[in-house]
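Engineer: got a sequence here, can you model it:
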Amino acid sequence: MSESPNRPGLEVAVLGGGCFWCVEAVFKDLRGVESVLPGYAGGHVDHPSYQQVCNKDTGHIEVARVEFDPAELSYADLLRVFFATHDPTTPGRQGNDVGPQYESAIFWQDQAQREQAQTVIAEVDAAHIYDAPIVTKLLAPATFWPAEDYHRDYFALHPEQGYCQFVIAPKVAKFRKQFHDRLKR
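Structural biologist: Presented below is the predicted three-dimensional model:
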């Protein structure tokens, strides 16, 4: 099932790069991104809760649903940011976050996205950016289940929270430095 954007002319990317708070915080600042929504995809439980996903038996991955304008930001460039802002070499893990819900994953929405994802993965592998091979899962479109409201804009609303200070803030700072020319003004 392909995710349809809320506005004509936009495209949707569904990406898992560890904790969805981190993924949302990075992509919200990227020029060409219209909206980012944390949620879950890929599992066998309908309308999963955060607690169910944390129990590690739903099959769901924490993801962000990113709506973007392809006239401003190509899908390939969006994926380049994705690969630069998380560790795509650790299965089921991002730093201290461990479990199947933290997989590096791309839920492609159509064949064009699938092919572009394969191309970008090959490009990143060929550049030897990482010491280990990329293990990002390329997965078919899956139902996106929005996360509970309290997960939305988590970093912006809770910058003083420990996880935000020690995990998300450094990731966002690295992103802003590396992609300063691609930030929203």
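Engineer: the least confident helix or strand in the chain by mean pLDDT pairs with which strands, and in what direction?
Structural biologist: Least confident helix or strand of the chain, by mean pLDDT, DSSP states H and E, is strand 93-94 with a mean of 90. Listed by DSSP bridges, the sheet partners of strand 93-94 and their directions read strand 97-98 (antiparallel).
Engineer: which residues touch the strand it pairs with?
Structural biologist: Applying Cβ atoms under 8 Å, 6 or more residues apart in numbering, the external contacts of strand 97-98 come out as 18-19, 92. C-beta: built from backbone N, CA, C; applies to glycine.
Engineer: how far away from the center of its chain is that strand?
Structural biologist: Here the centre of strand 97-98 is set off from its chain's centre by 15 Å, with Cα atoms, centre = their mean, to the nearest Å.
Engineer: now it: mean pLDDT?
Structural biologist: Averaging the model's pLDDT scores along strand 97-98 yields 92.
Engineer: try stretch 4-16
Structural biologist: Regarding stretch 4-16, the rounded mean pLDDT is 88.
Engineer: buried set for that stretch?
Structural biologist: 5, 10-16 (16 or more other Cβ atoms under 10 Å).
Engineer: no further queries at this time; thank you.
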